[in-house]
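Undergrad: Need the 3D shape of this:
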Amino acid sequence: MLPFICEGHFHLFEKSNPSFEKMIPVEGHEHLFRDEKTGAIINTDSAGYKNYLSDKRRNSDRQTEMNAMKDEIETLKSMLNDLASKITS
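TA: Numbering: from 1, shown residues only. As a prediction, this is how the structure comes out:
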């Protein structure tokens, strides 16, 4: 089975599938093919797709961590403001 990405969706494709024979290689791009029927560009780079998913997951984790740290900073700021107002009162 050959993985490919079409319009942002990941699919598996049999090379023996007659539709694959209608794929035209994109010049200068080893993993890109144009579907003769629809004109869609098909990316068959499964390693690249796995790397993309890994990067996306890592970025999501970083963003979650960043949001948690922002929340903690806001809590600390609020606590410091409360403490400062009690000291000055």
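
Undergrad: Report the residue spans of the protein with pLDDT below the cut-off.
TA: When residues are selected by pLDDT under 70, those of the chain lie in 1-21.

Undergrad: where along it do the strands fall?
TA: Remark: strands assigned in the chain by DSSP state E are 2-6, 9-13, 23-25, 32-35, 41-43.

Undergrad: Give me the helices and strands touching the last one, please.
TA: Applying 3 or more Cβ pairs under 8 Å, 6 or more residues apart in numbering; DSSP states H and E, one finds that strand 41-43 contacts strand 2-6, strand 32-35. For glycine as for every other residue, the C-beta is placed from the backbone atoms N, C-alpha and C.

Undergrad: Could you state which residue of the protein sits nearest its centroid?
TA: Closest to where the C-alpha atoms of the chain average out (Cα atoms, centre = their mean) is Lys56, at 3.8 Å.

Undergrad: what residues go with each domain of this protein?
TA: Annotated domains of the chain cover 2-43, 46-89 [automatic domain parsing].

Undergrad: how long is stretch 23-37 end to end?
TA: 9 Å (Cα to Cα, to the nearest Å).

Undergrad: And it, how far out from the chain middle?
TA: Mean-position distance between stretch 23-37 and its chain equals 22 Å (Cα atoms, centre = their mean, to the nearest Å).

Undergrad: Enumerate the positions of that stretch that are buried.
TA: 23, 31-33, 35 (16 or more other Cβ atoms under 10 Å).
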